[in-house]
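S.K.: Provided below are the primary sequence and the corresponding predicted coordinates.
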Amino acid sequence: QVQLVESGGGLVQAGGSLRLSCAASGFSFSSYAMGWFRQAPGKEREFVAAISWAGNRNHADSVNGRFSISRNNAKNTVYLQMNSLKPEDTAVYYCAADTRYGASMGKYWGQGTQVSVSS
């Protein structure tokens, strides 16, 4: 059974940092691309960042230079380091896994973790 379990969300002041984690199980993690998406209230889910099985990375323009995706294949875990957070980063953040790499990925999804940034 495939599971993606996010953690690390919370409430932080603008300018602060958070690190999200996504623990994966039930599939061959090292062979999959992993990604992070987010959905703010009243808005569609949007791509945040992705990392291929080989370690290639892609970040959305809105977070480039502030967020960084990484993975640890030994721990079956993908991370999203979020620095210089802004109120507009407030959203539910979802972890995704797919054999495809990029903004269209989404074979498997986690349940999401809330990130709230106060001004």
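M.R.: Yes, it's here.

S.K.: Tell me which residue is most central in the chain.
M.R.: Of all residues in the chain, the one closest to the mean position by C-alpha atoms, centre = their mean is residue 36, 2.6 Å from it.

S.K.: Verify the stated contact: that residue with residue 46.
M.R.: No: counting by C-beta atoms under 8 Å, residue 36 does not reach residue 46; the two are 10.2 Å apart. Where you see a C-beta, it was placed from the backbone N, CA and C, and this is true even at glycine.

S.K.: Surely residue 30 touches residue 53?
M.R.: Yes: counting by C-beta under 8 Å, residue 53 is a contact partner of residue 30 at 6.2 Å.

S.K.: who's more crowded, these two?
M.R.: Per other C-beta atoms under 10 Å, whichever of residue 30 and residue 53 has more neighbours is residue 53, with 16 against 11.

S.K.: list the contacts for the more buried one?
M.R.: Contacts for residue 53 (C-beta atoms under 8 Å, 6 or more residues apart in numbering) come out as 30-33, 101.

S.K.: So which of those are in strands?
M.R.: Judged by DSSP state E, strands contain the following of these: residue 33.

S.K.: Give me the buried entries from the contacts of residue 53.
M.R.: 32-33, 101 (16 or more other C-beta atoms under 10 Å).

S.K.: just curious, which of these is nearest to residue 58?
M.R.: Nearest to residue 58 out of the buried ones among the contacts of residue 53 is residue 101 (C-beta to C-beta; 7.7 Å).

S.K.: so who does that closest one touch?
M.R.: Applying C-beta under 8 Å, 6+ apart, one finds that residue 101 lies in contact with 33, 50-53, 56, 58.

S.K.: Of those, which pair is most distant in space?
M.R.: Across those, the longest distance by C-beta to C-beta is 13.4 Å; it joins 53 and 58.

S.K.: how many other residues sit next to the residue nearest to residue 67 when sequence neighbours are not counted?
M.R.: Counting by C-beta to C-beta, 6 or more residues apart in numbering, residue 67 lies nearest to residue 82, which is 5.0 Å off, once chain neighbours are set aside. A total of 26 residues lie near residue 82 under the criterion other C-beta under 10 Å.

S.K.: Distance-wise, check residue 82 relative to residue 61.
M.R.: As judged by C-beta to C-beta, to the nearest Å, residue 82 and residue 61 stand 15 Å apart.
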